[in-house]
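Novice: model the following, please.
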Amino acid sequence: MTKDRKNQQWVFYSDIEGTDAGPGVVRKVLAYSDTVMCVENSFETGAVGAIHSHPHTQITYVASGRFRFTIGEEVREVGKGDSLCKRDGVKHGCLCLEKGVLVDFFTPVREDFLT
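Specialist: A predicted model of the protein is given here:
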């Protein structure tokens, strides 16, 4: 259970079951505490992270692949090693151009990911 991992010092990837986060997207909630959360999203080519906003600041690190991101009114392509900052309330989304993995850090914690 995801809630059982809160504040754990060690979170092993092999112990985490992914959840469907939309067609071609698998989400894994990694380590998190009361104030910050790390989440991995694996995308198949062509998968979409729909345009949305939320009351959390989100930093995204591109671990692999290529993506076309929209943040506010700006659209850019990003690849391995790039990072993005999405402030709370700003609309954002992406299209996966080449199969890849995004690692997101949220503050505050996304309680909606813990069900």
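Novice: pLDDT wise, what is the residue most central in space within the chain at?
Specialist: Centrality entry for the chain: nearest residue to the mean C-alpha point is residue 104, 3.8 Å, by C-alpha atoms, centre = their mean. Listed pLDDT for residue 104 reads 98.
Novice: also residue 4?
Specialist: With respect to pLDDT, residue 4 scores 78.
Novice: same deal with residue 115?
Specialist: 73.
Novice: can you confirm residue 14 is in a helix?
Specialist: Yes: counting by DSSP: H, G, I helix; E, B strand; the rest coil, residue 14 is found in a helix.
Novice: the residue nearest to the centre of the chain pairs with what?
Specialist: residue 39, residue 60 (DSSP bridges).
Novice: now do the contacts for it.
Specialist: Contacts for residue 104 (C-beta atoms under 8 Å, 6 or more residues apart in numbering) come out as 38, 39, 40, 41, 58, 59, 60, 61. To be clear about C-beta, it is placed using only N, CA and C from the backbone, and glycine gets the same treatment.
Novice: and for the third one, the neighbour number?
Specialist: Think residue 40. When neighbours are defined as other C-beta atoms under 10 Å, residue 40 has 18 of them.
Novice: could you measure the nearest residue to it once chain neighbours are set aside against residue 16, distance?
Specialist: Computed as C-beta to C-beta, 6 or more residues apart in numbering, the closest residue to residue 40 that is not its neighbour in sequence is residue 28, at 4.6 Å. Distance from residue 28 to residue 16, counting by C-beta to C-beta, to the nearest Å: 5 Å.
Novice: so for those two, which residue has more residues nearby?
Specialist: Remark: of residue 28 and residue 16, residue 28 carries more neighbours, 20 against 16, as counted by other C-beta under 10 Å.
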